[in-house]
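Novice: Pasting the sequence and the predicted coordinates here, then a few questions.
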Amino acid sequence: MASLSNLDFVLRPKQGALVRAGRITLATLMALLIAMLLGIDSPFWAGMTVLLVAQPTRGQLLGKGLARVAGTLVGALASVGMMHLAQLDPWLFIPALALWISTSAVAANLLSGFHVYAALLAGYTAALVALPTLSHPDDINSMALSRVASILVGVGCSLLFSWLWSPRLETAGLRQRAGAVSDETMRLIAAVLCGDWDRQARMDTEARLGLELAALDAECDQGGSGASSLRRERRRIRHLLLALFDVLAVAREVGASPLSAEQRGTPPADLAGAPQLIGWLDDWRRQRLFEGRPWMYPRLARLQQALRRFDAERRRLQTEVEAPTSRREVSLHRDWIDALRTGVRTLLVLLSLGAGWLATGEPLFLYAMMGAAIISTVFSTMEMPKQVVLKAAIGTFAGSVAALICKLGLMPWVDSIPMLLLALAPFLMIGCLAMAERDKVIIGTDFGAVFLLLTAPDWPLQVDAMAFLHLVPGPTLGALTAAAGFYFILPTGPQRRLRDIEKLIEQDLRRLSQPGRRLSGDKWRTRALHRTLRLVLRNSAVGVSGRRPVYGAIMALNLGSNLLALNRQLRDLPQEDIYRRTISESLQGFADERLSFDQAGDRLLSLAVEVVHQPGRAELADLLQRCGLVMQAVPWR
């Protein structure tokens, strides 16, 4: 009974799923028909394109279709170029192809939006174009042209069948959520500044708001293509979110000041956003609340600056006005560690299958390489690749079985193009019904793609049973090899990626502590804001109890700012000053990784105790103490 319940999507399909699956199936059949009538070689690639670009909204459909066209053009040209440069020698071409695909996978893991998809296509399209022609390499040019023509036909049919029925990609909900979290964050900051929240309530609210900011930031990557106006709006929303998180981080340092409730006063009664908070902080400055603690005034100024930046971003979002060219742009987080890991894994998987073909000459290894090229690259960009790659293997195996039934059981009886399309329709419908289910999208997509790859429908129809049986195990072998790569060759996943982000944050902090090195604080902070939001999201995915990811992310941001300020203080000290030399040696040891975070923190705290008794060095002592305390705790871990 449990196995039958897994087939409910076929036996008892929902009406919405049935409509969407029928639309994709008709678009796939139309793409096959047009490609066959145009005489395009291997017309099944047109049908595969329809399955691969199927998206729930117009903007995503158009964006993925354009990305597929661009990636296919690059991949086709690359395959032709590599074949000619290798002078048709497979012993040179196989390693070159594997290197090209792995390099494309590295690029995909460093990009965002549909640029990821274009990079992936540029990689595995080269395999799809070149590998089937290795036995007759003189056809590489015509195969590349046919592939591009097939892609254009497939994208066109997808647009024709889906554009009128697909909803428009909207950002109203995203904008509304961004506005709501902005309002609540302003109220939290006001409460923290006036000191009327207890510590636990503040941190709970801070954690909830930080997680919402991280989730909204991640959504800005989805649907990143399509209408240019939608891309601009999502970019404005991202700038707003990062500016808001910046305010949250800076406000923590100002709110931690030991002012009494009477000194702090009450926030403005008409608090509606950043301008009122800026005016309230101006009152603090005029009242000289930080006499005896002059180092607080730069932090106050930094908070006001962050509030002004946030207010400007919110006005731009509300008025839909583009930012001036002088505006500080965001440097997004790039996970180079995971990207290089992906490149090495993909290279080893493809080389192992390529070695199998070079050693045996069996064509199934070429089909295995095609499947492995797709799975090793595409699934590397997903959050939990080890889990989803098993679904891909299931879909690949099921598609191979369906191809076996259709090719040997039905196609020998086909005597016309309409009968051919009729024979393919039920199998394609099953795959499209699976694609309409959220938890079976990968299974359905791989089922349909492998089914078309192995049946290779064309007209006039040719059924070579022996050659077909030699190829059937290929895609499944490729899927299993790719899955083994994810499990045993530099495995990745949420926990490892979380450690990668932590490592990158720590490397940034070590670079910021380098004495005498002039770094762009603005450039570091814009990237750090995005990186720390991803840290929060990764922590949420891992779900380790006892962690406080938002608190840790804020502490990492503030530690970086304090290290920059500490280096500025050191540059102002005389060269012969003993404390300049001692502090610089400690920071240099931390920058060179000779000192751990704990050791560097201990040294800075010891120096703070000595410096605090020196006249005129209260700000330096405060910076040493703040840096030392955070280094001792490393709260983002």
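Specialist: Nice, thanks for sending it over. Remember, it's a predicted structure, so these values are computed and weren't measured experimentally.
Novice: so for the helix or strand containing Gly279, what's the average pLDDT?
Specialist: Assigned by DSSP states H and E, Gly279 belongs to helix 274-286. Confidence for helix 274-286, expressed as mean pLDDT, is 86.
Novice: Check which residues of that helix are buried.
Specialist: Ala274, Gln276, Leu277, Ile278, Trp280, Leu281, Trp284 (16 or more other Cβ atoms under 10 Å). Bear in mind the C-beta positions are built from the backbone N, C-alpha and C, glycine included.
Novice: Name the next helix or strand following that helix along the chain.
Specialist: helix 296-319.
Novice: If we only consider the buried residues of helix 274-286, which is nearest to Phe365?
Specialist: Relative to Phe365, the closest of the buried residues of helix 274-286 is Ala274; by Cβ to Cβ it sits at 61.5 Å.
Novice: Tell me which residues touch Gly560, please.
Specialist: Contacts for Gly560 (Cβ atoms under 8 Å, 6 or more residues apart in numbering) come out as Asp508, Leu509, Leu512, Trp524, Arg525, Ala528.
Novice: just to revisit the earlier point, so which of the buried residues of helix 274-286 comes closest to Leu159?
Specialist: Ala274 (43.0 Å).
Novice: still on that earlier bit, so which of the contacts of Gly560 wins on neighbours?
Specialist: Highest neighbour count within these: Ala528, with 27 neighbours (other Cβ atoms under 10 Å).
Novice: tell me, what residue is most central in the chain?
Specialist: Per Cα atoms, centre = their mean, the C-alpha nearest to the average position across the chain is that of Ser112, at 5.6 Å.
Novice: nearest residue to that one other than its sequence neighbours?
Specialist: Asp221 (4.8 Å; Cβ to Cβ, 6 or more residues apart in numbering).
Novice: isn't that neighbour right up against His115?
Specialist: No - the criterion here is Cβ atoms under 8 Å, and Asp221 misses it with His115 at 10.1 Å.
Novice: Who has more neighbours out of these two?
Specialist: His115 (18 against 15).
Novice: Number of residues surrounding the nearest residue to the more buried one once chain neighbours are set aside?
Specialist: Nearest residue to His115, sequence neighbours excluded (Cβ to Cβ, 6+ apart): Ala67, at 7.2 Å. As a burial measure, Ala67 scores 23 neighbours (other Cβ under 10 Å).
Novice: Could I get the pLDDT score of Ala67?
Specialist: Predicted confidence (pLDDT) for Ala67: 72.
Novice: Equivalent analysis for Pro473, please.
Specialist: Taking Pro473 on its own, its pLDDT is 93.
Novice: What is the neighbour count of it?
Specialist: 17.
Novice: Check Pro412 too.
Specialist: Neighbours of Pro412 (other Cβ under 10 Å): 11.
Novice: and it, how far is that from Met429?
Specialist: 22 Å (Cβ to Cβ, to the nearest Å).
Novice: on that earlier part again, so what secondary structure elements neighbour the helix holding Gly279?
Specialist: helix 172-194, helix 296-319 (3 or more Cβ pairs under 8 Å, 6 or more residues apart in numbering; DSSP states H and E).
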